[in-house]
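Trainee: The amino acid sequence is not available; the structure is as follows:
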């Protein structure tokens, strides 16, 4: 019989490790009257309560919590609602795009995103791995006739199921630096190497952590039960990274004289970098512009009247069932 809050494992060298969470104590177990009362009181000693990095490290046994405050503190709850994370589907009626963040020692991350006629955004598929040559990444992106790409070390990667359907692909601007020595004693960029393999990218923009995070909090996921941006389960690394993103945290002593940083910890953010480059191409529209695009609103009818006056096609209500 297992005890709630108690777990064990074998560490390196077959060393047994016993993990005891506060929920192993019946007087602190969530879901009980005594446990809920303790859980309401105990976090008050931590600045930020249960979202405090120190609480999460000391009480929730989250060893990485002191790396900083999480960018999405309620990520597990959001994911658990089953609206932001969805099953894979065929994106009929979506226009597709790609994003790529290059890496060798660190993972390279390629994602396929889609936007439908109503402006809903979805990330559909990902490739994410380190130590994969440019030629192999190009084969994966191009689909390689549907066959898996097999590396000399035995690793197998599924090809991009949406090859040939992407409108454009955006990539980390650093791949245009001419720093790859060639056999002819010239230097080529990573972008040139991809182009030789048939993959053409457009340069993206670096940075924008705070701006894109605000878009996600205030627009795309303002209502987690009706998200405007979704991610399929074919993108496990993107989902994992979003839960790991943290703000840089100063020590309590330094924080007495300085405001906490708005910057994020530069770690486990390769899929995030690709997502930012993609979303920055489609910033959320102002409320009035969104209303003009929403059928049956006053601004929508006014826009249609103007289109008719200018001799342009007038849009209809007809929509194909998608996603």
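Mentor: Received the coordinates, thanks. What you see is a predicted model, and the numbers here were worked out from it, not measured in a lab.

Trainee: give me the low-pLDDT residue ranges for the stretch 1-150 of the chain?
Mentor: Scanning the stretch 1-150 of the chain for pLDDT under 70 picks out 1-2, 12-13, 47-48, 51-55, 57, 62-68.

Trainee: where along it do the helices fall?
Mentor: Here the stretch 1-150 of the chain has its helices, by DSSP state H, counting those that start in this stretch, at 33-41, 53-58, 75-80, 134-142.

Trainee: just checking, what packs against the third one?
Mentor: Packed against helix 75-80 by the contact rule (3 or more Cβ pairs under 8 Å, 6 or more residues apart in numbering; DSSP states H and E) you find helix 236-244. Just so you know, the C-beta spots here come from the backbone N, C-alpha and C atoms, and that holds for glycine as well.

Trainee: and residue 74, how many neighbours?
Mentor: 13 (other Cβ atoms under 10 Å).

Trainee: Sorry, slip of the keys, the one I care about is residue 34.
Mentor: For residue 34, the neighbour count with other Cβ under 10 Å is 12.

Trainee: ok, the residue positioned nearest the centre of the chain to residue 125 distance?
Mentor: Nearest to the geometric centre of the chain sits residue 238, at 4.2 Å (Cα atoms, centre = their mean). Note on residue 238: its distance to residue 125, by Cβ to Cβ, to the nearest Å, is 10 Å.

Trainee: what touches both of those two?
Mentor: Common neighbours of residue 238 and residue 125, using Cβ atoms under 8 Å, 6 or more residues apart in numbering, are residue 111.

Trainee: all strands of the stretch 151-300 of the chain, in order?
Mentor: In the stretch 151-300 of the chain, the strands defined using DSSP state E, counting those that start in this stretch lie at 156-157, 166-171, 180-181, 187-188, 202-203, 229-232.

Trainee: Including distance to residue 32, mean pLDDT and mean neighbour count, could those strands go into CSV?
Mentor: CSV is the format used below for the strands of the stretch 151-300 of the chain (distance: least, Cβ to Cβ, whole Å; pLDDT from 0 to 100; neighbours: other Cβ atoms under 10 Å):
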stretch, distance to residue 32, mean pLDDT, mean neighbour count
strand 156-157, 47, 95, 13
strand 166-171, 51, 97, 17
strand 180-181, 61, 62, 12
strand 187-188, 64, 72, 14
strand 202-203, 56, 96, 14
strand 229-232, 35, 96, 21
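
Trainee: Please name whichever of those is nearest to residue 211.
Mentor: Between residue 211 and those, the tightest spacing by Cβ to Cβ is seen for strand 229-232, at 14.8 Å.

Trainee: Given that closest one, what are its sheet partners and their directions?
Mentor: strand 85-86 (parallel), strand 121-129 (parallel) (DSSP bridges).

Trainee: so of those, which one's packed in deepest?
Mentor: Scoring those by mean neighbour count under mean count of other Cβ atoms under 10 Å gives strand 121-129 as the most buried, with a mean of 22.

Trainee: State the phi and psi torsions of residue 309.
Mentor: phi -60, psi -40 (degrees, to the nearest 10).

Trainee: Stretch 227-236: how far from the chain's middle?
Mentor: 8 Å (Cα atoms, centre = their mean, to the nearest Å).

Trainee: what's that stretch in contact with?
Mentor: By Cβ under 8 Å, 6+ apart, the list of residues contacting stretch 227-236 reads 83-89, 111, 119-126, 216, 219-221, 238-239, 271.

Trainee: What distance do you get for residue 109 to residue 127?
Mentor: For residue 109 relative to residue 127 (Cβ to Cβ), the value is 7 Å.

Trainee: hang on, I meant residue 271
Mentor: 10 Å.

Trainee: okay, and the common contacts of these two?
Mentor: Counting by Cβ under 8 Å, 6+ apart, the residues touching both residue 271 and residue 127 are 109, 111.

Trainee: sorry, back to before: of all the helices of the stretch 1-150 of the chain, which one comes closest to residue 285?
Mentor: Going by Cβ to Cβ, the one of these nearest residue 285 is helix 75-80, 23.2 Å.

Trainee: hang on, the earlier thing: list the contacts of the residue nearest to the centre of the chain.
Mentor: 109, 111, 123, 126, 128, 231, 271-272, 275.

Trainee: quick one: which of those is nearest to residue 31?
Mentor: residue 231 (29.7 Å).

Trainee: So what sits opposite that closest one in the bridge?
Mentor: Judged by DSSP bridges, the bridge partners of residue 231 are residue 85, residue 123.
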